[in-house]
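Colleague: Sequence unavailable; structure follows:
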């Protein structure tokens, strides 16, 4: 785990999201959990060396942020925004999140196979939120404040977790730092508003959903990435390109690498980003 401040720790070197935790005078608050089983178990062990885990907060419903909750059962109260809770590990026509989690085991966590649950066992109790809220929520834990700020855009239930005493914010995938941005089913306009919400916070460190820890200056870079995707696809629609032509021609693969463990998905990201924006702009999605 990388020590961002004396009390804030984050892991940026795993396949999946950047999970972390904050040590307070009255226990530990975990933000997101590792997708890989052995890494989730190890993070829980490390966090518990600092005290009892009081809360586990998920920033979004994508599998790489929540699958590891399974390995934190019995350790801390789980908190989810309602938009996250209602989408927690839900199978859709486009994605089976359980299968996606299983896919990473042979290549990225072979030792995790021994503790990887079967589907029925997992869904019987995946350890989703027991506290579910709408809007924003503030927690006071020991000598720390945790402002859970609803920042929809990347996902409907997206949260930023702001810890003013440490001048840090966990943004989830509102920020992809120095790696490819996944648009998926996002709302770009809401996402741009979320960036401005984060800009108003008094922070020195931004802990992104993916990529290295960064600063507020990266908000402009993330904004530019979103606007470039939006304007490129809008131009394609204006030129009368078909969906197939747009997917083939609109591509930002040369801008950043894919985050750890997903290099093989570069073409998929480009296709998915262009196609999802095209569908929204033409009313097909």
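Modeller: All right, it came through fine. What you are looking at is a predicted structure, and each value in this text was computed from that prediction instead of being measured.
Colleague: ok, now how distant is residue 97 from residue 72?
Modeller: Counting by C-beta to C-beta, to the nearest Å, the gap from residue 97 to residue 72 is 17 Å. (C-beta placed from N, C-alpha, C; glycine too.)
Colleague: Please read the previous query as pertaining to residue 9.
Modeller: Here the criterion is C-beta to C-beta. By it, residue 9 lies 15 Å from residue 72.
Colleague: Please apply the same query to residue 90.
Modeller: 20 Å.
Colleague: These two: who's more crowded?
Modeller: Between residue 90 and residue 72, counted using other C-beta atoms under 10 Å, residue 72 has the larger neighbour count: 21 against 10.
Colleague: Can you tell me how far that one is from residue 42?
Modeller: Taking C-beta to C-beta, one finds residue 72 at 12 Å from residue 42.
Colleague: Now list whatever residues contact both of these two.
Modeller: Residues touching both residue 72 and residue 42 by C-beta atoms under 8 Å, 6 or more residues apart in numbering: none at all.
Colleague: Please enumerate the strands of this structure.
Modeller: Assigned by DSSP state E, the strands in the chain fall at 2-3, 8-10, 20-24, 27-31, 53-57, 77-81, 131-133, 137-141, 144-150, 159-163, 168-176, 205-210.
Colleague: Describe which strands the shortest one pairs with in its sheet and in which direction.
Modeller: If you go by DSSP bridges, strand 2-3 pairs up with strand 8-10 (antiparallel).
Colleague: how close does residue 271 sit to residue 183?
Modeller: For residue 271, the distance to residue 183 - C-beta to C-beta - is 11 Å.
Colleague: same check, this time on residue 176
Modeller: Counting by C-beta to C-beta, the gap from residue 176 to residue 183 is 10 Å.
Colleague: With residue 202 instead?
Modeller: For residue 202, the distance to residue 183 - C-beta to C-beta - is 29 Å.
Colleague: just to revisit the earlier point, quick one: which of the strands of the chain is nearest residue 232?
Modeller: strand 168-176 (17.1 Å; C-beta to C-beta).
Colleague: how far does the closest one sit from the chain's center?
Modeller: 7 Å (C-alpha atoms, centre = their mean, to the nearest Å).
Colleague: Show me which positions of that strand end up buried.
Modeller: Of the residues in strand 168-176, 168-176 count as buried by neighbour count, 16 or more other C-beta atoms under 10 Å.
Colleague: what does stretch 75-83 rub up against?
Modeller: With contacts defined as C-beta under 8 Å, 6+ apart, stretch 75-83 is touched by 28-30, 44, 48, 52-58, 61, 69, 72, 88, 127-134, 137, 139, 148, 150, 152, 155-159.
Colleague: And the residues you listed, which of them are buried?
Modeller: Buried members of those, counted by 16+ other C-beta under 10 Å: 28-30, 44, 48, 53-58, 61, 69, 72, 88, 127-129, 132, 137, 139, 148, 150, 152, 155-159.
Colleague: list the contacts for residue 243?
Modeller: Residues near residue 243 by C-beta under 8 Å, 6+ apart: 275, 278-279, 282, 284.
Colleague: ok, 10 Å please
Modeller: Residue 243 is in contact with 236-237, 274-275, 278-279, 282, 284, counting by C-beta atoms under 10 Å, 6 or more residues apart in numbering.
Colleague: Would you show me how to pick out the buried ones of those residues in PyMOL?
Modeller: The buried residues among the contacts of residue 243 can be selected in PyMOL (16+ other C-beta under 10 Å) with this line:
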select buried, resi 236+274+275+278
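Colleague: Just the closest of the contacts of residue 243 to residue 5, please.
Modeller: residue 274 (38.8 Å).
Colleague: tell me the pLDDT at that closest one?
Modeller: The model reports residue 274 with a pLDDT of 96.
Colleague: contacting residues for it?
Modeller: Residue 274 neighbours (C-beta under 10 Å, 6+ apart): 183, 229, 232-233, 236, 243, 245-252.
Colleague: let's see it at 8 Å
Modeller: 229, 233, 236, 246-247, 250-251.
Colleague: Equivalent analysis for residue 163, please.
Modeller: 8, 22, 144-147, 169.
Colleague: same deal with residue 46?
Modeller: Contacts of residue 46 by C-beta under 8 Å, 6+ apart are 1, 9.
Colleague: any idea how far residue 213 is from it?
Modeller: Going from residue 46 to residue 213 by C-beta to C-beta gives 18 Å.
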